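In: Here you go, sequence then predicted model.
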Amino acid sequence: MSINVAAIQFKPQSSVDANLYSAAELLRQAADAGAQLAVLPENFAYYGQRDLMQVGCAESDDQGPVRQFLAEQASQQGLWLVAGTVPVMEDKSKPCARCYLLNPQGEIVDHYDKIHLFDVDVTAGGQARRYRESDDFSAGERVTAVPTNLAILGMTVCYDLRFAELYRQLAQLDAQIIAVPAAFTSATGKDHWQVLLRARAIENQVFVIGANLVDRDNQRRGLWGGSCIIDPWGNILSSMDDGDGVVMAEVDLGRIERLRAEMPVAEHHRL
């Protein structure tokens with residue numbers, strides 16, 4: 001009933017090759033430490049790239065460069081891999097932010113397209129920053145919980161974290177672990193990131209894995225980091241603050257059943 005899980009955190013670099021190198025090294029460290037499931041951050045390869053339409057067209061093919069990288073990493077390291085997000089063109093005018101789930105054979109088992117897009121204005125340190133994710137991406141529609149031989153895995157991305165109804169639906173689909181690849185901003189992450197992760201875990205009595213990009217001091221696009229693994233009681237099993245690294249924890253899935261038997265919150269819903 002126990003599995004070893006990992007959240008990957010690193011600072012995005014200026015090139016795709018450099019980002020893939022960082023991801024590969026940290027995935028190797030996670031596997032060497034005994035991880036069976038690893039979660040990469042949102043947009044871990046292409047963060048900051050502007051030619052997302054071109055990227056999305058390239059990645060829509062089975063031979064897309066990052067898709068190939070993910071398949072190689074999952075199979076080489078023997079990991080179930082929640083692969084952050086990759087821009088992928090479908091039958092829409094903009095790419096979706098797609099999170100692939102790969103098995104240890106390097107096969108894509110399922111995917112989730114980010115539903116909630118980050119269209120907000122944030123002020124921090126006296127400076128205003130405008131985010132319009134919908135300018136570059138199309139929104140997904142399907143709530144995704146995937147049965148694996150480790151656990152039933154719920155898939156969400158970053159801004160989704162603010163929408164409790166999505167996590168409620170994942171719990172109703174029997175998700176035991178919910179992954180949250182993210183590029184959560186420094187301005188919002190300082191106050192909200194860990195609080196929201198813990199809230200979603202407590203409300204739904206599930207484990208939550210938050211894997212975030214980090215670059216706190218960047219004046220243009222600060223990223224909070226703070227990756228962590230939360231248990232169904234809201235306890236932080238493992239976390240890191242700033243910097244690059246791997247967050248590891250042993251997850252006892254039996255704790256979900258025991259906690260729900262003692263406090264059957266799902267049976268008490270009235271609204």
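Out: Great, that's in hand.

In: okay, how far is it across stretch 236-246, tip to tip?
Out: End-to-end span of stretch 236-246 (C-alpha to C-alpha, to the nearest Å): 15 Å.

In: any residues touching it, and which ones?
Out: Here stretch 236-246 makes contact (C-beta atoms under 8 Å, 6 or more residues apart in numbering) with 6-11, 22, 26, 29-30, 33, 35, 194, 198, 214, 216, 225-231, 247-251. C-beta: built from backbone N, CA, C; applies to glycine.

In: Can you list the residue ranges for helices in the stretch 51-200 of the chain?
Out: Here the stretch 51-200 of the chain has its helices, by DSSP state H, counting those that start in this stretch, at 52-59, 65-77, 164-172, 186-204.

In: Switch the ones you listed over to TSV; also include mean neighbour count, mean pLDDT and distance to residue 131.
Out: Putting those into TSV (neighbours: other C-beta atoms under 10 Å; pLDDT from 0 to 100; distance: least, C-beta to C-beta, whole Å) gives the following:
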stretch	mean neighbour count	mean pLDDT	distance to residue 131
helix 52-59	19	91	15
helix 65-77	19	97	23
helix 164-172	17	98	19
helix 186-204	20	97	10
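
In: Need those helices in JSON lines (columns: distance to residue 93).
Out: Shown next, in JSON lines, are these (distance: least, C-beta to C-beta, whole Å):
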{"stretch": "helix 52-59", "distance to residue 93": "9"}
{"stretch": "helix 65-77", "distance to residue 93": "21"}
{"stretch": "helix 164-172", "distance to residue 93": "24"}
{"stretch": "helix 186-204", "distance to residue 93": "28"}
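
In: To residue 135, which of the ones you listed lies closest?
Out: Closest approach to residue 135 among those (C-beta to C-beta): helix 52-59, 9.7 Å.

In: Check which helices and strands that closest one sits against.
Out: In terms of contacts (3 or more C-beta pairs under 8 Å, 6 or more residues apart in numbering; DSSP states H and E), helix 52-59 is packed against helix 65-77, strand 86-88.

In: Kindly calculate the angle that it makes with helix 65-77.
Out: Angle, helix 52-59 to helix 65-77, by axes from the mean of the first three to the mean of the last three C-alpha atoms, to 10 degrees: 50 degrees.

In: okay, the residue most central in space within the chain: pLDDT?
Out: What sits nearest the mean C-alpha location of the chain, by C-alpha atoms, centre = their mean, is residue 181, with 1.5 Å. Predicted confidence (pLDDT) for residue 181: 98.

In: ok, now the one 3 residues further on?
Out: According to the per-residue confidence, residue 184 scores 97 in pLDDT.

In: Next, count neighbours for the nearest residue to residue 175 once chain neighbours are set aside.
Out: Excluding the flanking residues, the one nearest residue 175 by C-beta to C-beta, 6 or more residues apart in numbering is residue 154, at 3.3 Å. As a burial measure, residue 154 scores 28 neighbours (other C-beta atoms under 10 Å).

In: measure residue 154 to residue 67 for me?
Out: Separation of residue 154 from residue 67 (C-beta to C-beta, to the nearest Å) stands at 22 Å.

In: can you check residue 85 too?
Out: Taking C-beta to C-beta, one finds residue 85 at 12 Å from residue 67.

In: Likewise for residue 159?
Out: Counting by C-beta to C-beta, the gap from residue 159 to residue 67 is 23 Å.

In: leaving aside the residues next to it on the chain, what's closest to residue 166?
Out: residue 160 (5.6 Å).

In: er, residue 155 I mean
Out: residue 112 (3.7 Å).
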